[in-house]
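1. Provide a 3D model corresponding to the input given below.
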Amino acid sequence: MSNVIQLNPDASNQSKNSAENSVSIQIQSKHEVEKIRRGDSGFPMIFIKGRGYLHRHANGFLLARYNYPTFINEELEQTTLATIQNYADHIRQWLNGCALTDTCYLHADYDYMIKILSILRENGVSEDSLSQYISTWRLFYQYLDKKEVPHNMVLPKKIKKTRMLEEAAQAGDFLNYTRKKNSQTVTQDPLIDAKRKKKRSSYISQVLTKEQMRELISELRQIDPVYGVMAKVQFDTCLRISELVKYFPHTSNELNPDFKSYGEMHIEGELQQKLKFKGKGQVDREIDLDIRTLQLIEDKYLNTKRENSDIPLYSERKHLFLTKYLSSKHGKKNVFSHDSDVLWLNKEGYPVSNGMYQDAFREAAKKLKKRGVIPQFVHVRPHAMRHTGATLRLVKYREETGVDIHIDNDGDIHAFLQDLLGHAKMETTHRYIRTVRDKTFGNLASKTIIRNEELWEDELSKNPVLKKGVEAIKAGNGKC
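-> As a prediction, the model looks like this:
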């Protein structure tokens, strides 16, 4: 299937394919679907489950959204492949919901969608998630309108409202003196229950203490050592989950042609190196990567060995990746090859995906909450590593610069956090400011400063030689 669809086929082609299209719609109307990525480009494709047919309307929508967004809606902008993957998941969920209720998606109407949304809300789906689903489903039916495909879905239009900017947002806007008015127009979707949307004022529910971090990483290691190491690396670097999974290199690559291993940095006496990657919205970003983070990867993942094995863990997994995964059904459909620079591999030799990493966090969090280590209200997910790491750095920023963590100083703080995290909105900076101010600085620092050896206390207690070495290092330079 081509990455480009023909949006305006001529009349002869329409006539020629009318019978075929009729059969295709009958096949796809009430059957479950599945999402598969193209092996060459990673572009998602929607197939009729168990039949091998491409879903004509779903795939047409995805390709149009990626290649010709203004065909669907003149206000739409070009998007990334990662976002298209999300669109594909949302469409898959809608089509499968219709199929499971024996409803053709072309016959589904507004009342039907309201019932589906009610069921999802009753099952605990957040309004933020529903907002994303609804946005995709709206565009899908707009696409069908553009293609003149008959359907029964008529949705109420979005409502535009004007609201005043908050005083803090105005104060933090460096260009506010250029504004003619201190208000902005916002669009509200009547399908969204605004009362259910959580207004997050801080990230306090996603910042973990030192003890919670240690227990979390220990649980992740029980699931698979790679997840424990990934969590600590994410804490160290404040990378988003997709940035960690997709762009953290094992060796030099196209984005990082001069990337050095821990050994190379140690020999050359370098303490940091630049790590380049694609951030949110495919923006080019780079951060400073500390040698201690690479040492952690080396010691706890690349060169560590399973009990009764002389082969380094990563070597075992890379062998499985080359001999088993690439020739498997999943491997053939994916974008990896023998030359791929893949660092994170699970015990079967499969490249760690966002979903695998998130599933490991869910499993670990469930156990920790059951044992009472982490309160029920704390949201334990990979992104919590980013929030915890950023909050600690903000505390250190105050200690080193003397800048009070207060909204009055949000200009300097925003510049600091923007360089660290890559976010654009002042609102995000304000959340971090409130997170820090919700706790005393000293208390927060003591609870979040985490050295590598503290996360592996179980190993130190069982390995006297390792413990002696760590103590010697700490005695020599006061840190590990």
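2. these two touch, right, Arg386 and Val233?
-> No - using CB atoms under 8 Å, Arg386 is not in contact with Val233; the gap is 11.2 Å. Glycine gets a C-beta too; all of them are placed from N, C-alpha and C.
3. mutual contacts of the two, please.
-> Residues touching both Arg386 and Val233 (CB atoms under 8 Å, 6 or more residues apart in numbering): Leu239.
4. what about the strands in the stretch 51-200 of the chain?
-> Under the criterion DSSP state E, counting those that start in this stretch, strands of the stretch 51-200 of the chain are mapped to 159-164, 183-188.
5. and if you look at the stretch 251-400 of the chain?
-> 272-278, 284-290.
6. isn't Glu363 right up against Ile223?
-> Yes - if you go by CB under 8 Å, Glu363 and Ile223 touch, sitting 6.0 Å apart.
7. which one of those two has more residues nearby?
-> Between Glu363 and Ile223, counting by other CB atoms under 10 Å, Ile223 is the more crowded of the two (18 against 15).
8. per-residue confidence at the more buried one?
-> We have a pLDDT of 95 for Ile223.
9. find the nearest non-adjacent residue to it, please.
-> Ala360 (5.0 Å; CB to CB, 6 or more residues apart in numbering).
10. from Tyr53, how far out is the one you found?
-> From Ala360 across to Tyr53, the span is 34 Å (CB to CB, to the nearest Å).
11. looking at those two, which is more packed in?
-> Ala360 (24 against 16).
12. OK, contacts around that one?
-> By CB under 8 Å, 6+ apart, Ala360 lies in contact with Leu220, Ile223, Asp224, Tyr227.
13. out of the residues you listed, who's nearest Glu254?
-> Using CB to CB, Tyr227 comes nearest to Glu254 of the contacts of Ala360, at 26.6 Å.
14. thought Ser218 was touching the closest one, still the case?
-> No - counting by CB under 8 Å, Tyr227 stays clear of Ser218, with 11.0 Å between them.
15. okay, those two: which has more neighbours?
-> Remark: of Tyr227 and Ser218, Tyr227 carries more neighbours, 25 against 18, as counted by other CB under 10 Å.
16. list the buried ones in the helix or strand containing that one?
-> For Tyr227, the enclosing helix or strand under DSSP states H and E is helix 225-237. Across helix 225-237, burial judged by 16 or more other CB atoms under 10 Å covers 225-237.
17. Arg196: which of those residues is nearest?
-> Of all the buried residues of helix 225-237, Arg196 sits closest to Gln234, with 29.4 Å by CB to CB.
18. what sits against the closest one?
-> By CB under 8 Å, 6+ apart, the residues touching Gln234 are Ile241, Leu244, Pro382, Met385, Arg386, Gly389.
19. reformat those as TSV; add distance to Ser315 and neighbour count.
-> Listed next are these as TSV, based on distance: CB to CB, whole Å; neighbours: other CB atoms under 10 Å:
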residue	distance to Ser315	neighbour count
Ile241	26	19
Leu244	22	24
Pro382	26	21
Met385	27	29
Arg386	30	23
Gly389	30	22
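20. quick one: which of the residues you listed sit in helices?
-> Among these, the ones falling in helices (DSSP state H) are Ile241, Leu244, Pro382, Met385, Arg386, Gly389.
21. give me the nearest residue to Ser131, chain neighbours excluded.
-> Leaving aside its chain neighbours, Ser131 sits nearest to Ile192 (5.4 Å; criterion: CB to CB, 6+ apart).
22. hmm, the one you found is touching Ser129, no?
-> No - Ile192 lies out of contact with Ser129 (CB under 8 Å); the separation is 11.0 Å.
23. between these two, who's got more neighbours?
-> Between Ile192 and Ser129, counted using other CB under 10 Å, the more crowded position is Ile192 (17 against 12).
24. to Arg121, which of the strands of the stretch 251-400 of the chain lies closest?
-> Closest to Arg121 of the strands of the stretch 251-400 of the chain is strand 272-278 (CB to CB; 34.7 Å).
25. for that closest one, buried residues please.
-> Gln273, Leu275, Lys276, Phe277, Lys278.
26. so which of those comes closest to Thr209?
-> Of all the buried residues of strand 272-278, Thr209 sits closest to Leu275, with 27.4 Å by CB to CB.
27. which one is that closest one nearest to, not counting chain neighbours?
-> Ranked by CB to CB, 6+ apart and with sequence neighbours excluded, the top spatial neighbour of Leu275 is Leu289, at 4.3 Å.
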